[in-house]
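Engineer: Fold the following, please.
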Amino acid sequence: MITEKIKTLKKQSKMTAHDLSEKSGIPLPTIHKLLSGETKNPKYDTLKAVVAAMDYQLQLEPIQTEGTDHYSDQEIQMMVLYRQLSADGQFLFAENLAQFIAYEQERIPKQPAQPTRELPLYLLPASAGVGSYLDSDQYEFRPFPVSAAPASAKYAVRITGDSMEPAFFNGDIVFVEPVADLNEGDVGIIVINSEGYIKQYRDQQFISFNPKYPPILPKAYDSVRIAGRVLSKYHQTQ
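Structural biologist: As a prediction, the model looks like this:
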């Protein structure tokens with residue numbers, strides 16, 4: 001139960017009920033009722049304020065489902081309100097919600113499916129080996145909207161790390177045109193000693209946009225190959 005979780009957090013934070021009241025702005029009698037279990041259905045805002053006072057974030061189970069991010073505050077608040085309904089109330093809520101969804105689906109015109117084309121999607125860093133675009137077999141074919149993928153793009157790469165922030169973030173997908181050389185200022189996919197990187201080519205160096213990473217200046221004995229020029233970034237809403 002949420003009350004037991006809050007009592008556990010209170011013990012871990014070594015805060016008194018008075019401390020919680022003072023830091024959260026919740027009246028002390030309300031804190032006492034919450035901790036004693038006298039309040040059976042505490043308000044969401046009360047719970048959130050008390051938990052935040054202990055430097056935690058309120059998360060109600062289940063907070064995740066496979067393949068999704070955390071629920072938003074609004075979704076959590078809806079769950080809290082739903083759980084306060086009687087069994088009859090929950091039944092009526094679900095029935096009306098199903099009717100509303102059906103109404104929305106009928107009212108909103110369906111968008112025609114966009115034409116797509118499949119491209120190999122690689123993951124950086126890539127290991128050398130089998131002689132494909134990034135010398136890696138770590139890829140999957142994925143469909144992309146034709147309107148989003150440049151015609152000259154032959155593969156896509158999912159970026160890892162933060163070295164190219166704020167232009168490219170961890171998890172971003174970029175479209176790549178295979179080329180043997182980069183022009184000054186181009187952003188490219190480079191394989192150095194069997195490791196794949198996304199970097200900007202400038203002054204005969206490979207530059208990170210994030211200033212905490214120094215430029216890469218390959219040594220004479222390094223194996224360097226340009227795998228392609230980055231054409232654009234794929235936006236998931238496209």
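Engineer: longest helix of the protein?
Structural biologist: helix 87-107 (DSSP state H).
Engineer: In this structure residue 158 contacts residue 138, no?
Structural biologist: No. Look at residue 158 against residue 138 with C-beta atoms under 8 Å: they stay out of range, at 10.2 Å. Where C-beta positions appear, they are placed from N, C-alpha and C, glycine not excepted.
Engineer: which neighbours do the two share?
Structural biologist: 122, 123 (C-beta atoms under 8 Å, 6 or more residues apart in numbering).
Engineer: Which SSE is immediately downstream of the longest helix of the chain?
Structural biologist: strand 116-123 (DSSP states H and E).
Engineer: Tell me how this structure divides into domains.
Structural biologist: 2-107, 116-234 (automatic domain parsing).
Engineer: highest average neighbour count across those domains?
Structural biologist: Sort the domains of the chain by mean neighbour count, taking mean count of other C-beta atoms under 10 Å, and domain 116-234 sits at the top with a mean of 16.
Engineer: First-to-last residue distance for that domain?
Structural biologist: End-to-end distance for domain 116-234, by C-alpha to C-alpha, to the nearest Å: 13 Å.
Engineer: Also stretch 202-211?
Structural biologist: Note: stretch 202-211 ends 15 Å apart using C-alpha to C-alpha.
Engineer: quick one on the thing from earlier: hey, least reliable of the domains of the chain by pLDDT?
Structural biologist: If you rank the domains of the chain by mean pLDDT, domain 2-107 sits at the bottom with a mean of 77.
Engineer: which secondary structure elements does the longest strand along the chain contact?
Structural biologist: In terms of residue count, the longest strand belonging to the chain (DSSP state E) is strand 224-234. On a contact count with 3 or more C-beta pairs under 8 Å, 6 or more residues apart in numbering; DSSP states H and E, strand 224-234 meets strand 173-177, strand 187-192.
Engineer: and of those strands, who's closest to residue 12?
Structural biologist: When the helices and strands packed on strand 224-234 are compared by C-beta to C-beta, strand 173-177 sits nearest residue 12, at 40.2 Å.
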